[in-house]
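Visitor: model this:
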Amino acid sequence: MYLLNEEEGLDEEDEDEHGETLCGACGKNYASDEFWICCDICEKWFHGKCVKITPAKAEHIKQYKCPSCSGSNKRARP
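Guide: Take a look at the predicted model:
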């Protein structure tokens, strides 16, 4: 599981590397003052707030699966 947040102390190079990253839920750009989490299955990044994961919750997750990969977004088709 990959996490990004302001406590990590990202340097300018890391900021540049993730500056093009978009949230898989809302589509907004990466900002170093927000908590982010990466899905271990599809490797998409998400704002913690968009997937309802706090830094404290993330500490207890061994493998993070985003809503799409965990199947919680899938609807039954007619």
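Visitor: quick one, helices of this structure?
Guide: 12-18, 55-58, 67-70 (DSSP state H).
Visitor: Let me know how buried Val51 is, in neighbour terms.
Guide: 20 (other Cβ atoms under 10 Å). Every residue, glycine included, has its C-beta placed from N, CA and C.
Visitor: right, I mislabeled it, should have said His47
Guide: Counted by other Cβ under 10 Å, the residues lying close to His47 total 19.
Visitor: Roughly how far does it sit from Cys39?
Guide: With distances taken as Cβ to Cβ, to the nearest Å, His47 is found 13 Å from Cys39.
Visitor: Quick one: low-confidence residue ranges for the chain.
Guide: Scanning the chain for pLDDT under 70 picks out 1-19, 72-78.
Visitor: at 90 what do you get?
Guide: Under the criterion pLDDT under 90, the flagged ranges of the chain are 1-21, 30-33, 70-78.
Visitor: quick one, strands of it?
Guide: Ranges of strands in the chain, per DSSP state E, are 2-4, 36-38, 45-47.
Visitor: Report the contact partners of Glu20.
Guide: Contacts for Glu20 (Cβ atoms under 8 Å, 6 or more residues apart in numbering) come out as 29-30.
Visitor: Could you check how far it is from Gly48?
Guide: According to Cβ to Cβ, Glu20 stands 19 Å off from Gly48.
Visitor: How about Tyr64?
Guide: 10 Å.
Visitor: what do the two both touch?
Guide: 37, 58.
Visitor: my read: Ile41 touches Gly71, true?
Guide: No - counting by Cβ atoms under 8 Å, Ile41 stays clear of Gly71, with 10.8 Å between them.
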